[in-house]
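S.K.: Return atomic coordinates for the entry below.
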Amino acid sequence: MPGMAEPDIAIDIVPTASGMSGVQDNRIHLFAPRPRLAIRIASLIGLDAAVTAFSAIFCYALFNPIREVTSSPVVIPMACLTVCLSLSFCERGLYAPPEIVSRELPWRKITLGWLQAVAIGTLLTFCLVTVAGLERLSPGFERMGATLRGVWLPTFLCLGFGALTGARLLRQRLHAGPAPLNRTVIIGEQGSIHDLLLRIRTGVRRTFDVIGVVEHAADGPNARARGSFQGLPQFGDIDALERMIRQDAVDTVLVALPWSAGDQMQLIIQRISMAPVDVYIYPGMNGLNLPLRRADRAFDLPLLMACTRPIDGWGAFIKRAEDIVLSIGLLAFISPVMLTIAAAIKLTSKGPVFFRQRRLGYNNRVIEILKFRSMYTHLSDADASQQATRDDKRMTPVGAWLRKASLDELPQLLNVLKGDMSLVGPRPHALATTAGGLALEEAVPIYSSRHRVKPGITGWAQVNGYRGPLDSVEKIVHRVNHDLYYIENWSLALDLKILWRTARLVFADDNAF
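M.R.: So this is what the prediction gives:
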């Protein structure tokens, strides 16, 4: 139910079929593309489209005057062919992440996709010209039809295919360097790590770029001095691994422990899954006998998913685009209001217009957010060691009204554009914030799980009435539960719903002061 969601770390890792049944239905999330990988997919789509369009124009210019290349009778079929190629390749999985990182060119898929695209594109062009009657209206379209029926089509079929495969081979060679796409660390026993490394290195797909290992005995931690393991650096212990994750140096963690070490496995997963990282379990040879859906199609490996980072890959691109577009639009729309507020603050009290405060952001990083100053300068509390209360004497008259209407948060739109925040997400707390006298991590052990996404100006907890001072542990528990619900159920529709409810609460929220 909303507000009572449990994070992925609640998965019970035990060596029984019932304990792992929750893993079965997550097959769809086995390979969410990283932002770097998503950029590479977009660039490949653009490369294929550009090569196709250039090849079509070049073949047309071989049999026709070059000045006609930019005319409508030529642009229409070229556009049809280019669009059909992108759709055909997408339909055949040529832009799927496993194919992007594959060490081999999928010749069969490319050949069939190319033939399909050319056939559909040519047919679509003829249908478009015939149905619209363009051949009768313009001599250019009549010549275009004659060209498509002549030697252009077989020429384009051969030259275009050669250019496309040549471009893909060149791209594959250029991207075969050492730059990792999916920075992976293996943690587990020496034998299991050795077996897993062998499988990864001999696999066809370049799915995991292993950057190091952490040896961890089945009966407990077994930290070792920095050295190497089959040419890979050893990172000592799980503390070092966690620090690397917090520094955004690791994308994926593979846990390679035997099922007899279920307790140790669960402790490891519980600890590292509170950070934005993917965690998979490698069951070794026992995985061949598990009655579970495995990741062999995506990974060429028997892996079980323990948890994945939220809002990853294309979802992250959509959310970032949402933030940029809406923030720019809001700033343009409310800029007169913000200028008026700035003038009112400057005229009614001494000090700067903006108040800067350090808060915890994505992946436990400290960020500096902007707010309209609502307190007297000499009484401001940068770390929020004393939380604001109703009728707080530190507030200026203008500041009290701004906080009541939540207008003091408007400058955070600049934080959104900068990339430190999102429009919607868990609200960031100041560094010294407490709940019922306890540090937030002490009050809620899984508190840092909410930092797996960027903090927001507004969030699911806020529109459900959970805002204001944290004077009890119960309040922070409710907020964290609502934040985790949002993280695990994010969608563009949910963001828009929260923004709409936030707009309705601007002047009617009793918890704002």
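S.K.: tell me the mean pLDDT over stretch 280-296?
M.R.: What stretch 280-296 shows for mean pLDDT is 56.
S.K.: Pull out the buried residues from stretch 466-476.
M.R.: Of the residues in stretch 466-476, 466, 467, 468, 469, 470, 473, 475, 476 count as buried by neighbour count, 16 or more other CB atoms under 10 Å. (C-beta placed from N, C-alpha, C; glycine too.)
S.K.: quick one: pLDDT of the first one?
M.R.: Model confidence at residue 466, given as pLDDT, is 86.
S.K.: Surely it and residue 480 touch.
M.R.: No. Proximity of residue 466 to residue 480 does not meet the contact threshold set by CB atoms under 8 Å, at 9.6 Å.
S.K.: Looking at this structure, which helix is longest?
M.R.: In the chain, assigned by DSSP state H, the helix with the most residues is helix 314-348.
S.K.: Tell me how far it lies from the chain's centre.
M.R.: Here helix 314-348 is found 23 Å from its chain centre; the criterion is CA atoms, centre = their mean, to the nearest Å.
S.K.: Would you tell me what the next helix or strand after that helix is?
M.R.: Remark: after helix 314-348, the chain's next helix or strand is strand 354-360, criterion DSSP states H and E.
S.K.: before we move on, the earlier item: and the buried residues of stretch 466-476, which two are furthest apart?
M.R.: Across those, the longest distance by CB to CB is 16.4 Å; it joins 467 and 473.
S.K.: hmm, back to that, which one of the buried residues of stretch 466-476 is nearest to residue 494?
M.R.: residue 466 (16.4 Å).
S.K.: In a helix, the closest one, correct?
M.R.: No. Going by DSSP: H, G, I helix; E, B strand; the rest coil, the assignment for residue 466 is coil, not a helix.
S.K.: circling back: make CSV from the buried residues of stretch 466-476 and add distance to residue 107 to it.
M.R.: Shown next, in CSV, are those (distance: CB to CB, whole Å):
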residue, distance to residue 107
466, 56
467, 58
468, 62
469, 64
470, 60
473, 61
475, 60
476, 57
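S.K.: Residue 407: neighbour count?
M.R.: 20 (other CB atoms under 10 Å).
S.K.: so where do the strands sit in the stretch 101-250 of the chain?
M.R.: 183-188, 209-217, 220-221, 228-229, 232-233 (DSSP state E, counting those that start in this stretch).
S.K.: Mind giving me the packing neighbours of the last one?
M.R.: What that stands for is strand 232-233. strand 209-217 (3 or more CB pairs under 8 Å, 6 or more residues apart in numbering; DSSP states H and E).
S.K.: elements contacting the strand it packs on?
M.R.: Using 3+ CB pairs under 8 Å, 6+ apart, strand 209-217 is in contact with strand 183-188, helix 190-202, strand 232-233, helix 238-246.
S.K.: model confidence over the shortest one, on average?
M.R.: Okay, so that is strand 232-233. Rounded mean pLDDT across strand 232-233 is 86.
S.K.: State the paired neighbours of it in the sheet, together with their directions.
M.R.: Taking DSSP bridges as the criterion, strand 232-233 sits next to strand 228-229 (antiparallel) in its sheet.
S.K.: If you average the pLDDT over the strand it pairs with, what comes out?
M.R.: pLDDT averaged over strand 228-229 gives 77.
S.K.: Deepest in the core, which of the helices and strands packed on strand 209-217 is it.
M.R.: strand 183-188 (a mean of 24; mean count of other CB atoms under 10 Å).
S.K.: Quick one: mean pLDDT for that strand?
M.R.: Taken as a whole, strand 183-188 carries a mean pLDDT of 89.
S.K.: which residue ranges form the strands in the stretch 351-500 of the chain?
M.R.: For the stretch 351-500 of the chain, the strands defined by DSSP E, counting those that start in this stretch cover 354-360, 366-372, 422-424, 434-435, 438-439, 456-458.
S.K.: Give me the helices and strands touching the last one, please.
M.R.: It refers to strand 456-458. Packed against strand 456-458, as judged by 3+ CB pairs under 8 Å, 6+ apart, are the following elements: helix 412-418, strand 422-424, helix 492-505.
S.K.: Could you list the buried residues of the first one?
M.R.: Judged by neighbour count using 16+ other CB under 10 Å, the buried positions of helix 412-418 are 412, 413, 415, 416.
S.K.: got the contact list for that helix?
M.R.: 323-324, 327-328, 330-331, 367, 369-371, 421-423, 457 (CB atoms under 8 Å, 6 or more residues apart in numbering).
S.K.: If we use 10 Å, what do you get?
M.R.: 320, 322-324, 326-331, 334, 338, 354, 359, 361, 367-372, 409, 420-425, 428, 454-458 (CB atoms under 10 Å, 6 or more residues apart in numbering).
S.K.: Pull out the buried residues from these.
M.R.: Counted by 16+ other CB under 10 Å, the contacts of helix 412-418 give 320, 322-323, 326-327, 330-331, 338, 359, 361, 367, 369-372, 409, 420-425, 428, 454-458 as buried.
S.K.: Could you list the low-pLDDT ranges of the stretch 1-150 of the chain?
M.R.: 1-38, 66-74, 97-98, 101-103, 128-150 (pLDDT under 70).
S.K.: 90 - rerun?
M.R.: Within the stretch 1-150 of the chain, the stretches with pLDDT under 90 are 1-46, 52-88, 90-108, 117-150.
S.K.: all helices of it, in order?
M.R.: 35-63, 72-91, 97-100, 107-132, 134-137, 139-149 (DSSP state H, counting those that start in this stretch).
S.K.: Return the distance of the second one from the chain's centre.
M.R.: When distances are taken as CA atoms, centre = their mean, helix 72-91 is centred 29 Å away from the chain's centroid.
S.K.: Return the list of helices and strands in contact with that helix.
M.R.: helix 35-63, helix 107-132, helix 134-137, helix 139-149, helix 152-174 (3 or more CB pairs under 10 Å, 6 or more residues apart in numbering; DSSP states H and E).
S.K.: The strands of the stretch 351-500 of the chain: which one's closest to residue 405?
M.R.: Comparing the strands of the stretch 351-500 of the chain under CB to CB, the one sitting nearest is strand 366-372, at 10.8 Å.
S.K.: ok, residues contacting the closest one?
M.R.: Residues contacting strand 366-372 (CB under 10 Å, 6+ apart): 338, 341-342, 344-345, 353-361, 382, 398-399, 402-403, 407-415, 418-421, 428, 430-431, 454-455, 457.
S.K.: Sheet-wise, list the partners of it with their directions.
M.R.: strand 354-360 (antiparallel).
S.K.: Which positions within the strand it pairs with qualify as buried?
M.R.: Applying 16+ other CB under 10 Å to strand 354-360 flags 355, 357, 358, 359, 360 as buried.
S.K.: Check stretch 262-275 too.
M.R.: Going by 16+ other CB under 10 Å, stretch 262-275 has these buried residues: 262, 264, 265, 266, 268, 269, 270, 272, 273, 274, 275.
S.K.: A helix includes the fourth one, no?
M.R.: Meaning residue 266. Yes. Applying three-state DSSP, one finds residue 266 inside a helix.
S.K.: quick revisit: okay, the angle between the longest helix of the chain and helix 35-63?
M.R.: Following axes from the mean of the first three to the mean of the last three CA atoms, to 10 degrees, one obtains 110 degrees for the angle between helix 314-348 and helix 35-63.
S.K.: For helix 314-348, name the packing helices and strands.
M.R.: helix 35-63, strand 354-360, strand 366-372, helix 397-404, helix 412-418, strand 422-424, strand 456-458, helix 492-505.
S.K.: rerun that using 7 Å as the cut-off
M.R.: Helix 314-348 sits against helix 35-63, helix 397-404, helix 412-418, strand 422-424, helix 492-505, with contacts defined as 3 or more CB pairs under 7 Å, 6 or more residues apart in numbering; DSSP states H and E.
S.K.: Reformat those as JSON lines; add distance to residue 121.
M.R.: Formatted as JSON lines, those follow (distance: least, CB to CB, whole Å):
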{"stretch": "helix 35-63", "distance to residue 121": "9"}
{"stretch": "helix 397-404", "distance to residue 121": "58"}
{"stretch": "helix 412-418", "distance to residue 121": "40"}
{"stretch": "strand 422-424", "distance to residue 121": "40"}
{"stretch": "helix 492-505", "distance to residue 121": "31"}
